[in-house]
Structures are given as structure tokens and as C-alpha cells.
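1. Fold the following, please.
(one chain, ligands or ions: 1)
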Amino acid sequence: MFKLNNIMDLDSSIKFIENCFNDCNENIKNDMKNILKKKSPKISLKVSLDSNIIVRCLSINEIEISIALFRELEAFYKVVLSEENEGYYKSISDDKNYCPSTASLYISLLMSISIKIILFHELGHIYNGHIQYLQNNSTNKIIDFSENLQSSIENTVNDVPLDEMIIKALEWNADDFSATRIIARYCHESVIESINNGNNKIIHSNQHMFLLVLESTVILYSLLGLGNNNRKEDFKHPPLRLRLISTISTQIFSYNIFNKEKIDLSNDLINLIIKLENMVNSYCNKTKPSIYKTSNNLNELMKESQGINKKIEDYYLENLTEILKPYAILSVLTPNK
Ligand SMILES: [Zn+2]
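-> Model prediction:
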């Protein structure tokens, strides 16, 4: 078993999550003010101690997130960035020697990015009008957009209040919103300067920043259960392995719009993704009862499921803008592709 020292106390943990949430809100308000159709809603964050809930929109004005997600990320990043695992530290920092204070800066940065990916996804449900749409079109009064971290929990059909295709398209849209926002939030010279604004220059270039965003994304999805042999079919979301590929493609697309040096999904990048999932899997195999392997759930990437995915994508691209128009807070549905 891994030993984990120095777990952040509860008050500081809640503060950490709240800071991430405020940062996401500010980013949307500042960056998207030109496409706001109406005033931004006042959204509050409830940090829950109930580990059955991971994250969900309670209404257009409230998002609930469980401390369990934070603890999971904290435990993982503190283990892989500990001195015992200095290989990972060296690979993300380019440093020849392990430095505890620099490692703690990376832990904090990667945790923030992973949490913001989740929070931007929920904010995407609100800003793109999903909650408002479902409130008007569903007889089910409880709008459950919960995302399970313990993905072995089976979603029941009762959780799906509307046509499965619409629900999956909405989730896809929230993923796209999150992928676009996280790149806009981090991959920018001024952001890198402000992160480096101390003695430790932890970000070397915009591409380095992109790689850190990508790593936080793959790590988050892997912890959500990419390779978990007990992961059950999810009626609400597109298959998890496809969601990761789609998210990374949208991140690359967003990055390339604003940067001259382009990134493509090369073999190097694919090998890095597999390496990261393997790293998470070996951690999960020591800490969880399920068996995690990169060869598990590969059927999600097979032709048939891609066919299903294509149907959701076509539906998304052809219908979603029209459907959401009366409800969305933004005049342009993200991403604009
Ligand atoms: Zn969602």
C-alpha cells in the first residue's frame, strides 16, 4: 500500500475547491462577455461530504461537488509526484534532480487543472442552457447531471429523463465546453508568466503548458475508470474512452487556433496517453478492488461503438444549436466547429 502523509485539512481543501470554482467563473465572465446573451447567473458551489455524489448541477444556480473527488486527486498526485516516484517528476519538470518544493507546485497545479476540467463541464451544462432545457422539457423535476467517479456504480434508466441521444449529446457538448475553456484558461503567455512569478519557473513554454493540461486530463479520465474492468455501461454519457479522445481532440483544436506552433495527435502523444493511463492503472490496482488495464473497455473504441458515437455527433452538430437556442446563456455554442 502507498503511504500518504500530509493530507490537506478539510477547511483548506474546501478553500482549494472554491478557489478553483471562482477561477472558472471569472474565466467565463471575462473571456465570454461578448457572447453573453443575458446576465451571468449567480452560481454557488456546495462542497459535499457525501462520497456517493461526485459532482452535479443542482440547479442553474448551484453546483455540488464531493470532497471525495478532491481526495482522490490529492492522493494520486501526491503519490506520483513523491520522491519515490521521481521519474514522473523528472518527466514533467525536465529537472535533473527531485525538488520537493517544485513538486508541490506541480501537485497543486495539476490538481487545480483536473478539478477545473470537472467544474467547467458542469458550468457548460449551465451556460449552454442544458439545465434550462431539461427543466422545460422533462417531467422529471430532479435534473441529475451527476458524473460518477466510482464508475462501477450503475446508472439506472430512471436517471435518464429524456431521449438517450439528447442526453448524450448534451454531455458531449459539456465536455467540449470544458475542453475549450481549460485551454483558454491555461495556454496563454500571460498565464504562464503569472504561474512562474516566483523563484520556481515550473512552466517552460506554451507547449509545455499544453502537455500539463493534457496530462491532467488523461489522469482525471483514467481515475474515472478508463481501464476499470468493473465499469458499467453509462446511459448518460458517451463511452468514457471515446469521451477522452473527443476531449483531447477539442483541446488540440482549441490550442491550434491561438498558437502558431501546432500540435497534432502524433504517435508520441498517443504513447504518452497510454503511458499515463498505465501509471494511473498501476496506482488503482494497488488501492482499489477492481482490475485496471489499458486493454479493458477497448470495445468502446471499436467500429460499432464509433458508429453509435457518429450518430450522437451528427445529432449534436445538426440539432443541438437549434434546440438550445432559447435556453443558452451564450449566443455561440462551444466549440464553434
Ligand atoms: Zn455532465
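2. make it CA atoms for all contacts and neighbour counts henceforth
-> OK.
3. How far off centre is stretch 293-308?
-> A distance of 20 Å separates the centroid of the chain from that of stretch 293-308, by CA atoms, centre = their mean, to the nearest Å.
4. where does this structure have its least confident helix or strand?
-> helix 303-315 (a mean of 79; mean pLDDT, DSSP states H and E).
5. Just the residues contacting that helix, thanks.
-> For helix 303-315, contacts defined as CA atoms under 8 Å, 6 or more residues apart in numbering pick out Met165, Ile166, Lys168, Ala169, Pro238, Leu242, Asn299, Glu300.
6. would you put the C-alpha positions of it in CSV?
-> What follows is helix 303-315, C-alpha atoms only, in CSV (Å, rounded to 0.1, in the frame of the first residue of the first chain):
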residue,chain,number,x,y,z
LYS,A,303,-16.1,0.3,-35.0
GLU,A,304,-19.6,-0.4,-33.7
SER,A,305,-19.4,2.0,-30.8
GLN,A,306,-17.8,4.6,-33.1
GLY,A,307,-20.9,4.2,-35.3
ILE,A,308,-23.0,5.0,-32.2
ASN,A,309,-20.7,7.8,-31.5
LYS,A,310,-21.1,9.2,-35.0
LYS,A,311,-24.8,9.2,-34.6
ILE,A,312,-24.5,11.2,-31.4
GLU,A,313,-22.0,13.6,-33.0
ASP,A,314,-24.3,14.1,-36.1
TYR,A,315,-27.2,14.7,-33.8
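7. Need phi/psi at Ser66.
-> phi -90, psi 150 (degrees, to the nearest 10).
8. Show me the helices in the stretch 151-300 of the chain, by range?
-> Applying DSSP state H, counting those that start in this stretch to the stretch 151-300 of the chain gives helices spanning 164-186, 189-195, 206-223, 240-258, 267-287.
9. Helix 303-315 and the longest one, what's the angle between them?
-> Which is helix 164-186. 80 degrees (axes from the mean of the first three to the mean of the last three CA atoms, to 10 degrees).
10. Convert helix 164-186 to CSV, retaining C-alpha atoms only.
-> Presented in CSV, the C-alpha positions along helix 164-186 are these (Å, rounded to 0.1, in the frame of the first residue of the first chain):
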residue,chain,number,x,y,z
GLU,A,164,-30.8,9.0,-24.6
MET,A,165,-29.4,10.6,-27.7
ILE,A,166,-30.2,14.1,-26.4
ILE,A,167,-28.7,13.4,-23.0
LYS,A,168,-25.5,12.1,-24.6
ALA,A,169,-25.3,15.0,-27.0
LEU,A,170,-25.6,17.4,-24.0
GLU,A,171,-22.8,15.6,-22.2
TRP,A,172,-20.7,15.7,-25.3
ASN,A,173,-21.4,19.5,-25.5
ALA,A,174,-20.4,20.0,-21.8
ASP,A,175,-17.2,18.1,-22.5
ASP,A,176,-16.4,20.3,-25.5
PHE,A,177,-17.2,23.4,-23.4
SER,A,178,-14.8,22.2,-20.7
ALA,A,179,-12.0,21.3,-23.2
THR,A,180,-12.2,24.7,-24.9
ARG,A,181,-12.3,26.6,-21.6
ILE,A,182,-9.4,24.7,-19.9
ILE,A,183,-7.1,25.6,-22.9
ALA,A,184,-8.3,29.2,-22.9
ARG,A,185,-7.6,29.4,-19.2
TYR,A,186,-4.1,28.0,-19.2
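11. Show me what that helix packs onto, helices and strands only.
-> Where contact means 3 or more CA pairs under 8 Å, 6 or more residues apart in numbering; DSSP states H and E, helix 164-186 is packed against helix 100-127, helix 206-223, helix 240-258, helix 303-315.
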